[in-house]
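Enquirer: Provide a 3D model corresponding to the input given below.
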Amino acid sequence: MKKYAFWNNKGGTGKTSLIFQTILAYAKEHPDKRVLVLDVCPQANLSELMLGGLVGKGSQKLLQIQGETPRATVGGYFQMRLPEPYTPPQFNPTDFIIEPSKLNNKIEPNVFLLAGDPLLELQATAISTLANTQIPGSNPWLAVIDWLRDFLEPISDKFDVAFIDCNPSFSIYTQIALSVTDYLVLPVMADDSSRRALQNAFSLIYGLRLPSPIYAQHSFKDKLVREGRKLPKVHTIVKNRLTQYMGPASAYSAVLRTIDEQVADLLETEPNYFNFNKVSDGMCEMRDFGTTGVVAFARGESFMDLSSGRHNISGRRVQVKEEYRVNAVDAIKRLAIRI
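Expert: Below is the predicted model:
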């Protein structure tokens, strides 16, 4: 099972909308593949989309799932781990996995979901404390970081690919998610904060350009590598929400060129952290989805299935133009085909 995480240390880069549409496009193009979705984000926006979005009352459905026993969410699984955090329990991971197609008929039946949960924010302090406990002769940090590994190992032969939606933070639950990731998809936008966020991402995951050597021995990379674990490789950098106004002479274009230059420098000095050899092979441009995106996300639906024309969204009539819908489909297919 290959595992792809969508993450950036900066919020607002369109990470969740990208992963949602990529999952649906991939699942539709590969109906013979079983796709597992892990929503490791306390906002749980991806889960709400999977369960129907605004129109399909995805948030209400998620609340109902969170109130059931067992609580079939990532928070429910972590809650089970808290009493004995350092020993994998006897459990069936499928007890926590739901089939979103049974609650939202716009989702492909080969997609399965470990739903997100706001409990993650409440649990984060306790989990971090457990991870940093000093126990002679053992590694509590690694035992906690392995929680998702423990979840996935018993079912690794039941799924072909996993998509992981990560929180923009580098909290303990994000580290747990990234520790099982094989490939990283990094969305960026054409603004200077995205450029800085890309630098931060490489510092946090790979320990690059840290302000002082003292940070290195406590870094995510160092603690994983000491235990013989692999770091995720950067698979794709998505230049997201581009518009028709981003011409070659624009300030936006200048920022995107700077990002290319950053990646080129890193490819030369740290090629092992990438799944590509040339900058052009690792970049994917994504136009702003506009109204097409608003309607698709409100309906919890793939661009590929969305009909053009007028839609009623919360009492408002919204127009989806076929040309823009086709552009959105083409763009997301280019990303999905890279998986």
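
Enquirer: excluding its backbone neighbours, what's nearest Pro154?
Expert: By the measure of Cβ to Cβ, 6 or more residues apart in numbering, the closest residue to Pro154 outside its immediate chain neighbours is Pro93, 5.7 Å from it. C-beta here means a position set from N, CA and C on the backbone, and glycine is covered the same way.

Enquirer: is it true that Met283 touches Lys239?
Expert: Yes. At 6.4 Å, Met283 counts as touching Lys239 under the criterion of Cβ atoms under 8 Å.

Enquirer: So between these two, which is more surrounded?
Expert: Using other Cβ atoms under 10 Å as the criterion, Met283 and Lys239 rank with Lys239 on top: 21 against 17.

Enquirer: Report the contact partners of that one.
Expert: Contact analysis of Lys239 by Cβ atoms under 8 Å, 6 or more residues apart in numbering lists Val188, Met189, Ala190, Leu256, Ile259, Met283, Cys284, Glu285, Met286.

Enquirer: Name the residues of the host helix or strand of the last one that come out as buried.
Expert: Secondary structure here is read from DSSP states H and E; on that basis Met286 sits in strand 283-287. Of the residues in strand 283-287, those buried by neighbour count under the rule 16 or more other Cβ atoms under 10 Å are Met283, Cys284, Met286, Arg287.

Enquirer: where's the dip in pLDDT among those?
Expert: Within those, the minimum per-residue pLDDT falls on Arg287 (82).

Enquirer: In the protein, which residue is most central in space?
Expert: Closest residue to the average C-alpha location of the chain: Asp165 at 2.3 Å, with Cα atoms, centre = their mean.

Enquirer: ok, now how distant is the closest residue to that residue other than its chain neighbours from Asp32?
Expert: The shortest distance from Asp165 to any non-neighbouring residue, by Cβ to Cβ, 6+ apart, is to Leu46 (4.5 Å). From Leu46 across to Asp32, the span is 23 Å (Cβ to Cβ, to the nearest Å).

Enquirer: now Val40
Expert: Between Val40 and Asp32 the computed distance is 26 Å (Cβ to Cβ).

Enquirer: how near is Glu261 to Lys10?
Expert: 19 Å.

Enquirer: one step back: if we only consider the buried residues of strand 283-287, which is nearest to Phe20?
Expert: Taking Cβ to Cβ as the measure, Phe20 sits nearest to Met286 out of those, at 13.1 Å.

Enquirer: if I pick the closest one, what's in contact with it?
Expert: Gly14, Leu18, Pro187, Val238, Lys239, Asn240, Arg241, Leu242, Ala331, Ile332, Leu335.

Enquirer: Determine the number of other residues adjacent to the closest residue to it other than its chain neighbours.
Expert: Of all residues not flanking Met286 in the chain, Asn240 sits nearest, at 4.7 Å (Cβ to Cβ, 6+ apart). Using other Cβ under 10 Å, the number of residues around Asn240 comes to 26.

Enquirer: And the next helix or strand past the helix or strand hosting Asn240?
Expert: Counting by DSSP H and E, the element that carries Asn240 is strand 233-242. For strand 233-242, the succeeding helix or strand toward the C-terminus, using DSSP H and E, is helix 251-269.

Enquirer: chain center to that next one: distance?
Expert: 23 Å (Cα atoms, centre = their mean, to the nearest Å).

Enquirer: pLDDT of it, averaged?
Expert: 82.

Enquirer: Only the buried residues of that helix, if you could.
Expert: Tyr252, Val255, Leu256, Ile259, Asp260, Gln262, Val263, Leu266, Leu267.

Enquirer: Also stretch 290-309?
Expert: 290-304, 306.

Enquirer: ok, so of those, who is nearest Asp150?
Expert: Using Cβ to Cβ, those come closest to Asp150 at Gly300, 30.3 Å.

Enquirer: Next, find the distance separating that closest one from Ala27.
Expert: 14 Å.

Enquirer: Need the residues touching each of the two.
Expert: If you check Gly300 and Ala27 against Cβ under 8 Å, 6+ apart, the residues they both contact are Ile107.

Enquirer: right, and the helix or strand after the lowest-mean-pLDDT helix or strand in the chain?
Expert: Lowest on mean pLDDT, DSSP states H and E among the helices and strands of the chain sits helix 192-206, with a mean of 80. Later in the chain than helix 192-206, the nearest helix or strand by DSSP H and E is helix 220-226.

Enquirer: Can you give me the buried ones in that following helix?
Expert: By 16+ other Cβ under 10 Å, the buried positions in helix 220-226 come out as Phe220, Lys221, Lys223, Leu224.
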